[in-house]
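J.: Let's see this in three dimensions:
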Amino acid sequence: MTDHAPAAVVVLAAGEGKRMKSGLAKVLHAICGRSLLGHVLAATEPLKAAHTVVVVGHLRDQITDHLAEIGSDATAVVQEEQLGTGHAVRTALKAAHVPGEGTVVVVPGDAPLITTESLRALLAEHTNSAAAATLLTSELSNPHGYGRVVRGADGRVKAIVEERDADDATRAICEVGTSIYAFDGARLRAALARVTNDNAQGEEYLTDVIGLLVSDGEIVSAVSAPEVETLGVNDRVQLAEVRRAMRDRIVTHWMREGVTITDPATTWMGVRVTIEPDAVIHQNTQLHGATHIESGAEVGPDCTLRDTKVGRGAKVVKSHCLSAEIGPESDVGPFSYLRPGTKLGRGAKVGAFVETKNAQIGEDSKVPHLSYVGDAEIGERTNIGAATVFVNYDGVDKHQTVIGDDVRIGSDTMLVAPVEVGDGAYTAAGSVISEDVPPGALAIERNQQRNVEGWVEKRRPGSPSAKAARRARGQGTMDPTSPVENDEEAGAK
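T.: Residues are numbered from 1 along each chain as shown. Okay, here's the model as predicted:
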């Protein structure tokens, strides 16, 4: 352990969370790319505690599975009956075989905004004051629902009184306990053995330990934290409140790191997102997962990126990108959908109403509009005409299309995979390409066009089209000698 490192961190996560009205454990609800519990563990991990214990009870399997998923070293300890916070801590210390010496930090699992800095301040105060217990407190503008911190004339903490057990004078106190503590381990154990459930809820309160230590003449100290860090989550309204606060914290951090965020109130991003200085993020943009934005890139407005890399100087506008790599100086959008496996080379373009999936698009190549590119490899300086479809699925398997360098794919081309178009080749507009095209060749696949003269004037007499046709030929009336084939042959319905 390092200086001030605790012997144990105990995270309380056994509660039912009834007010969430959810089949998901309360502490597993996510904000900004991490569960509530995950945020708490991220704040406590730098403390380098010898033991980290998560007390579970309600929906315990969900929480233990989540700990495995996020690779946490924390030990899950089951509180079979939820008999109060004091009982939970006593159960944790016993089940995890935490040694009797050293400092024990207790943190609720639904306080995602707590910071490592405040926890370190708590530990420093605890050590410097040689206290039996040290509380993290906060002055709240609206303390309703929180346990009030009662101090003596000397300023030391005398008790924490839960609101349900408080009288009017105590309820008027604005300093509240945050349910975050540092305890001397030995004295904590001794006090827990004396805690009773003689209260309105019939539970063993951890807050009663404070009263016992005070009555024993022990020092109980306190250190304050900003109100925003102490916000807990008991329902969906509070979940939204802490999500906004976390969002504000994240976007403020990146602005101070040199990123331009034009409208922080409509910009959302997760804790694993990274952004280089001089990137620009416009309004209504969401950045999730391990998204990385390089310097000079411009994202937004109206974009959602997840696990996507945006290269230096690239621009992404009004688009949705999942697990994509957007090369330097590339141009994406508006209304593009980049699905997993998409990789754009330097200067590439994916334009309006284009969807890509598992597609490598080479340097300076363009898919400007109204196309689908799936399971494809496109070389450099190639242009894909509008309304082109890479027909990659035969109903059973996916197949790949390979397009070379300096290729011109005509508009409305169907490329039926597996197929390869060589360097410098062209395809004619409206073609269905199902065979390989040699380098430099022009591939054409069309039926011969034939025109049925006079069909509109014969079959749609008096219509605006018929009148326009007559005007175009300088005729005031229909030419009765115009050859018109039968409706079925002409394609009339």
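J.: Alpha carbons only: can I get stretch 450-464 in PDB?
T.: Written as PDB, here are the backbone C-alpha positions of stretch 450-464 (Å, rounded to 0.1, in the frame of the first residue of the first chain):
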ATOM      1  CA  ARG A 450     -36.400   0.800 -78.100                       C
ATOM      2  CA  ASN A 451     -38.800   3.800 -78.300                       C
ATOM      3  CA  VAL A 452     -42.500   3.500 -79.100                       C
ATOM      4  CA  GLU A 453     -43.200   6.700 -80.900                       C
ATOM      5  CA  GLY A 454     -46.500   8.400 -80.200                       C
ATOM      6  CA  TRP A 455     -47.500   6.200 -77.400                       C
ATOM      7  CA  VAL A 456     -48.400   9.000 -74.900                       C
ATOM      8  CA  GLU A 457     -50.600  10.900 -77.400                       C
ATOM      9  CA  LYS A 458     -52.400   7.700 -78.300                       C
ATOM     10  CA  ARG A 459     -52.900   6.200 -74.900                       C
ATOM     11  CA  ARG A 460     -53.000   9.300 -72.800                       C
ATOM     12  CA  PRO A 461     -54.800  11.800 -75.000                       C
ATOM     13  CA  GLY A 462     -55.500  15.100 -73.400                       C
ATOM     14  CA  SER A 463     -53.000  14.600 -70.600                       C
ATOM     15  CA  PRO A 464     -50.300  17.300 -69.900                       C
END
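J.: Beta-bridge partners for A30, please?
T.: Beta bridges link A30 to S35, judged by DSSP bridges.
J.: State the distance from it to I275.
T.: Per Cβ to Cβ, to the nearest Å, A30 is found 21 Å from I275. Heads up, the C-betas are built off the backbone N, CA and C, glycines and all.
J.: just checking, A240 is part of a helix?
T.: Yes. A240 sits within a helix when classified using DSSP: H, G, I helix; E, B strand; the rest coil.
J.: picking that back up, and A30 and I275? Which one has more around it.
T.: Higher neighbour count among A30 and I275: I275, with 27 against 16, using other Cβ atoms under 10 Å.
J.: What is the longest strand belonging to the chain packed up against?
T.: The longest strand of the chain (DSSP state E) is strand 175-184. With contacts taken as 3 or more Cβ pairs under 8 Å, 6 or more residues apart in numbering; DSSP states H and E, strand 175-184 sits against strand 103-108, helix 116-128, strand 133-139, strand 148-151.
J.: Direction included, what does the third one pair up with?
T.: Here the strand partners of strand 133-139, with direction, are listed using DSSP bridges: strand 175-184 (antiparallel), strand 220-224 (parallel).
J.: got the buried residues for it?
T.: By 16 or more other Cβ atoms under 10 Å, the buried positions in strand 133-139 come out as 133-138.
J.: circling back: okay if I get the helices and strands packed on strand 175-184 as CSV plus distance to E380 and mean pLDDT?
T.: Formatted as CSV, the helices and strands packed on strand 175-184 follow (distance: least, Cβ to Cβ, whole Å; pLDDT from 0 to 100):
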stretch, distance to E380, mean pLDDT
strand 103-108, 54, 97
helix 116-128, 47, 96
strand 133-139, 58, 95
strand 148-151, 67, 89
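J.: and of those, who's closest to A386?
T.: Each of these has some distance to A386 by Cβ to Cβ; the shortest is helix 116-128, at 52.8 Å.
J.: Contacts only, for the closest residue to E101 other than its chain neighbours.
T.: Leaving aside its sequence neighbours, E101 sits nearest to G185 (Cβ to Cβ, 6 or more residues apart in numbering; 5.9 Å). Each residue near G185 by Cβ atoms under 8 Å, 6 or more residues apart in numbering is listed here: 7-8, 93, 98-104.
J.: ranges for the helices of the chain?
T.: 36-44, 60-69, 85-95, 116-128, 168-171, 185-192, 207-215, 236-256, 455-459, 464-473, 487-490 (DSSP state H).
J.: With distance to V299 added, can I get those in CSV?
T.: Putting the helices of the chain into CSV (distance: least, Cβ to Cβ, whole Å) gives the following:
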stretch, distance to V299
helix 36-44, 25
helix 60-69, 29
helix 85-95, 44
helix 116-128, 29
helix 168-171, 48
helix 185-192, 49
helix 207-215, 47
helix 236-256, 12
helix 455-459, 50
helix 464-473, 47
helix 487-490, 52
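J.: what's the least confident stretch among those helices?
T.: Least confidently modelled of the helices of the chain is helix 487-490, at a mean of 42 by mean pLDDT.
J.: if I pick I250, what's in contact with it?
T.: Residues in contact with I250 (Cβ under 8 Å, 6+ apart) are 32, 269-271, 273.
J.: can you tell me how far it sits from R306?
T.: Where R306 is concerned, I250 sits at a distance of 15 Å (Cβ to Cβ).
J.: Point out where the stretch 351-493 of the chain drops to low pLDDT.
T.: The stretch 351-493 of the chain contains residues with pLDDT under 70 at 475-493.
J.: just the strands in it please.
T.: Under the criterion DSSP state E, counting those that start in this stretch, strands of the stretch 351-493 of the chain are mapped to 355-361, 366-369, 372-378, 383-384, 389-391, 401-403, 408-409, 414-416, 419-421, 426-427, 432-433, 442-443.
J.: okay, the strands paired with strand 133-139, which one's buried deepest?
T.: strand 175-184 (a mean of 25; mean count of other Cβ atoms under 10 Å).
J.: How many neighbouring residues does S295 have?
T.: S295 - counted by other Cβ under 10 Å - has 14 other residues nearby.
J.: Isn't it up against T274?
T.: No. If you go by Cβ atoms under 8 Å, S295 and T274 don't touch, sitting 11.5 Å apart.
J.: Give the burial count for D198, as a bare number.
T.: Considering only other Cβ under 10 Å, D198 is surrounded by 8 other residues.
J.: If you could redo that for Q449, that was the one I meant.
T.: 5.
J.: State the distance from it to A466.
T.: Per Cβ to Cβ, Q449 is found 22 Å from A466.
J.: can you check A5 too?
T.: 90 Å.
J.: for G270, same thing?
T.: G270 is 61 Å from A466, by Cβ to Cβ.
J.: now swap in A191 and tell me
T.: 98 Å.
J.: The two: who's more crowded?
T.: Per other Cβ under 10 Å, whichever of A191 and A466 has more neighbours is A191, with 25 against 18.
J.: Tell me if I'm right that that one and L212 touch.
T.: Yes. In terms of Cβ under 8 Å, A191 counts as a neighbour of L212; the distance is 4.5 Å.
J.: if we can go back for a sec, closest one to A74 out of the buried residues of strand 133-139, please.
T.: The closest of these, once distances to A74 are taken by Cβ to Cβ, is L136, at 20.1 Å.
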